[in-house]
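[1] this one's sequence-less:
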């Protein structure tokens with residue numbers, strides 16, 4: 001029987017790289033949550049992802065990320081990723 005384990009990863013990105021990085025992470029498919037914090041550590045946005053959330057359902061979040069990218073120079077993207085233990 002396999003068990004689900006959650007792992008956290010962080011990525012430092014420039015403001016203009018936010019949307020591309022988030023799209024890349026969403027395509028991986030095993031991401032449960034994406035959180036973006038400012039350089040000062042203040043939370044900017046938190047996007048919970050479920051198995052069925054793709055494409056058009058993420059358009060409002062991508063629009064918000066575009067606005068955030070215009071306001072921040074650097075930020076940290078933190079993801080929660082599910083891994084299967086054997």
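    Good, I have the coordinates. Computed from a predicted structure; not experimentally measured.

[2] where does pLDDT dip in this protein?
    Within the chain, the ranges that satisfy pLDDT under 70 run 1-4, 50-59, 84-86.

[3] what helix or strand is the most centrally placed residue in it on?
    Taking Cα atoms, centre = their mean, the centroid of the chain lies closest to residue 34, which sits 2.9 Å from it. Assigned by DSSP states H and E, residue 34 falls within strand 31-38.

[4] just the buried residues of that strand, please?
    Neighbour counts using 16 or more other Cβ atoms under 10 Å place 31, 34, 35, 36, 37 of strand 31-38 among the buried residues. Backbone N, C-alpha and C define where each C-beta goes, glycine included.

[5] quick one: strands adjacent to that strand?
    strand 43-48 (antiparallel), strand 74-85 (antiparallel) (DSSP bridges).

[6] contacts made by the last one with the rest, please.
    In this structure, residues lying in contact with strand 74-85 by Cβ atoms under 8 Å, 6 or more residues apart in numbering are 2-15, 18, 21-22, 25, 28, 30-39, 44, 68.

[7] could you grab the helix/strand/coil label for residue 18?
    When classified by DSSP: H, G, I helix; E, B strand; the rest coil, residue 18 comes out as helix.

[8] is the spatially closest residue to it that is not a sequence neighbour in a helix, a strand, or coil?
    The shortest distance from residue 18 to any residue other than its chain neighbours is 4.6 Å, reached at residue 69 (Cβ to Cβ, 6 or more residues apart in numbering). Counting by three-state DSSP, the backbone at residue 69 sits in helix.

[9] next, count neighbours for residue 69.
    Using other Cβ atoms under 10 Å, residue 69 is surrounded by 19 other residues.

[10] that one against residue 21, yeah?
    No: contact status for residue 69 versus residue 21: not in contact, 10.3 Å apart, counting by Cβ atoms under 8 Å.

[11] ok, residue 48 - contacts?
    32, 33.

[12] pretty sure residue 72 contacts residue 44?
    Yes: if you go by Cβ under 8 Å, residue 72 and residue 44 touch, sitting 7.2 Å apart.

[13] tell me what residue 36 is bridged to.
    residue 45, residue 77.

[14] grab the nearest non-local neighbour of residue 19.
    Spatially, and ignoring its direct neighbours in sequence, residue 19 is nearest to residue 65 (5.1 Å; Cβ to Cβ, 6+ apart).
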